[in-house]
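K.L.:
predicted coordinates and the sequence they were generated for:
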Amino acid sequence: MANIVFHPASQRGHANHGWLDAYHSFSFAGWYDPGKIHFGALRVLNDDTVAPGKGFGAHPHDNMEIITIVLEGVLAHKDNMGHEETIQPGEVQVMSAGTGVYHSEYNHSADKKVKLFQTWLFPNKRDVQPRYDQRTFVEADRINQLQTLVSPIENDDQGLKIHQDGWIYRTTLQAGNSLTHSLHSPMHGAYILVVDGKLDAHGKTLSKRDALGISETDSINISAVETSDVLIFEVPMLK
């Protein structure tokens, strides 16, 4: 029988710093929940809103795979690898922190907020050469099907590459449609997050920002009650 954990949006951690309004699916910074440390290799899933003219100053990371998905607004990125980029809705950014990177993320708009998800995955290789990539993913290519945003560095597919045997998918599942996904191995689990909309998954009804973690199963199935924007994180179930 599948192992299922339900994480309602209302039970996430929350910290409003004024310039940053953040919701945490897993223990982060000043919020700690011993039952929500990580889901397998998925360590951080933060739902962030950055105020106009504000941002994250330069700060370090190492030995973590960092993925940023922008939903609204424009986020400016700068790092010590020489990258100065902007990340817009539909774009995804990946950084393999490896031996160490310094970076900043800033909202230069005078009046528009930036809304984004920032995700950290534990790597399967330590102290790799840091790397950066980003790409635009067209919404039309994920209607009623999974669009691969992130995949293992060894894979030859459209996903941005990480040093982990993990995948991030996104779908716009229209009302009345269903989708089944076979997991890559018995050691993998899936964490399903509803960005917006409402869907049924394995006996649970999920609404906006609700999440469901499923492991010890061969496949997952979701059915859209309403047209839904969904992220699925398929990761090794680390102990």
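P.N.:
Now that the structure is in, tell me what you want to look at. Numbers count the residues shown, from 1 in each chain.
K.L.:
now residue 197, nearest residue through space, not along the chain?
P.N.:
Here the nearest residue to residue 197 in space, its sequence neighbours aside, is residue 228; by Cβ to Cβ, 6 or more residues apart in numbering that works out to 2.8 Å. No exception for glycine: its C-beta is placed from N, CA and C like everyone else's.
K.L.:
might you report the residue contacts of that neighbour?
P.N.:
172-173, 194-199 (Cβ atoms under 8 Å, 6 or more residues apart in numbering).
K.L.:
let's go with 7 Å and repeat that
P.N.:
173, 194, 196-199 (Cβ atoms under 7 Å, 6 or more residues apart in numbering).
K.L.:
and it, what are its bridge partners?
P.N.:
residue 173 (DSSP bridges).
K.L.:
about what we covered before: mind checking which of the contacts of residue 228 are in strands?
P.N.:
With strands taken from DSSP state E, the overlap with those comprises 173, 194, 196, 199.
K.L.:
the third one reaches residue 208, doesn't it?
P.N.:
Yes. At 5.3 Å, residue 196 counts as touching residue 208 under the criterion of Cβ atoms under 7 Å.
K.L.:
what's the overlap in contacts for those two?
P.N.:
Contacts common to residue 196 and residue 208, judged by Cβ under 7 Å, 6+ apart, are absent.
K.L.:
so which strand or helix has the residue most central in space within the chain?
P.N.:
Among the residues of the chain, residue 119 comes closest to the average C-alpha position under Cα atoms, centre = their mean, at 4.4 Å. Under DSSP states H and E, the secondary-structure element containing residue 119 is strand 114-121.
K.L.:
next SSE after that strand?
P.N.:
Scanning onward from strand 114-121 (DSSP H and E), the first element met is strand 131-136.
K.L.:
extract the CA atoms of that next one and return them as PDB.
P.N.:
Output of strand 131-136 as PDB, limited to C-alpha atoms (Å, rounded to 0.1, in the frame of the first residue of the first chain):
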ATOM      1  CA  ARG A 131      26.800  25.600 -12.800                       C
ATOM      2  CA  TYR A 132      23.900  27.800 -13.900                       C
ATOM      3  CA  ASP A 133      21.100  27.400 -16.500                       C
ATOM      4  CA  GLN A 134      17.700  28.800 -17.200                       C
ATOM      5  CA  ARG A 135      15.100  28.300 -19.900                       C
ATOM      6  CA  THR A 136      11.600  29.300 -20.900                       C
END
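K.L.:
look up the closest residue to the residue nearest to the centre of the chain, ignoring the ones flanking it.
P.N.:
Closest to residue 119 by Cβ to Cβ, 6+ apart is residue 67, at 4.4 Å.
K.L.:
contact partners for the one you found?
P.N.:
92, 94, 119, 150, 168 are the contacts of residue 67 under Cβ under 7 Å, 6+ apart.
K.L.:
give me the packing partners of the strand or helix carrying the fourth one, helices and strands only.
P.N.:
It refers to residue 150. Residue 150 is part of strand 147-152, with elements assigned from DSSP H and E. With contacts taken as 3 or more Cβ pairs under 7 Å, 6 or more residues apart in numbering; DSSP states H and E, strand 147-152 sits against strand 160-162, strand 167-173.
K.L.:
what's the longest one in contact with?
P.N.:
Residues outside strand 167-173 that contact it (Cβ under 7 Å, 6+ apart): 67, 139, 142-151, 159, 179, 199, 222, 224, 227-234.
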